[in-house]
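Colleague: take a look and give me a structure for this.
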Amino acid sequence: MSTPVPRVLVVDDNDQSCILAIRILELDGYEAVAVRSVAAARRELAGTQFQAVLIDIQMPGESGIDLLRTVRACHPRTTPIMVTASVDPATMALVEGIGAAGYLVKPYGVDDLLASLGDALKPPEPTGAAGQPGQGNP
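Modeller: Next comes the predicted model:
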């Protein structure tokens with residue numbers, strides 16, 4: 001039986017950023033869809049199951065942080081990764097606290113995107129009673 005292709009939603013108001021992300025993802029075997037607003041992202045999420053969503057933080061109208069909150073509240077099986085052009089420790093802490101699985105800084109490289117997505121989509125390792133991976137109760 002073949003493994004289903006992971007579906008990724010790219011949310012960014014910059015056309016070039018969307019095109020680049022889609023090309024990288026599709027070449028690596030992902031199914032990818034791009035939208036240019038939070039409202040469009042909400043419509044896509046309502047109709048399609050995505051394994052991950054790349055969310056630009058700075059967008060006109062509603063911000064990516066607004067969408068992050070929606071994803072965490074309404075789409076718990078979708079893994080959010082935030083994307084931004086600026087490194088702000090307070091924003092990084094905020095999105096991590098809300099539940100972002102990763103944080104990419106533009107311009108990011110192919111390896112950065114794929115590593116962040118791969119890490120975010122990895123199933124968590126089981127923990128045992130002592131909190132160590134793979135160590136259950138005897």
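
Colleague: look up how far residue 55 lies from the residue lying closest to residue 59 once chain neighbours are set aside.
Modeller: Take residue 59 and drop its neighbours on the chain: the residue closest to it by C-beta to C-beta, 6 or more residues apart in numbering is residue 13, 4.6 Å away. The C-beta positions use only the backbone N, C-alpha and C, and glycine is treated the same way. Distance, residue 13 to residue 55, using C-beta to C-beta, to the nearest Å: 11 Å.

Colleague: pick out whichever of these two has more residues nearby.
Modeller: It is residue 55, of residue 13 and residue 55, that has more neighbours when counted by other C-beta atoms under 10 Å, with 28 against 16.

Colleague: let me see the ranges of the strands in the protein.
Modeller: Here the chain has its strands, by DSSP state E, at 7-11, 31-35, 52-56, 79-84, 102-105.

Colleague: chain center to the shortest one: distance?
Modeller: Distance of strand 102-105 from its chain centroid, counting by C-alpha atoms, centre = their mean, to the nearest Å, is 9 Å.

Colleague: same check, this time on the first one
Modeller: Once both centres are worked out by C-alpha atoms, centre = their mean, strand 7-11 turns out to sit 7 Å from its chain's centre.

Colleague: same question, the third one
Modeller: Strand 52-56 has its average C-alpha position 4 Å from the chain's average C-alpha position, going by C-alpha atoms, centre = their mean.

Colleague: alright, calling it a day.
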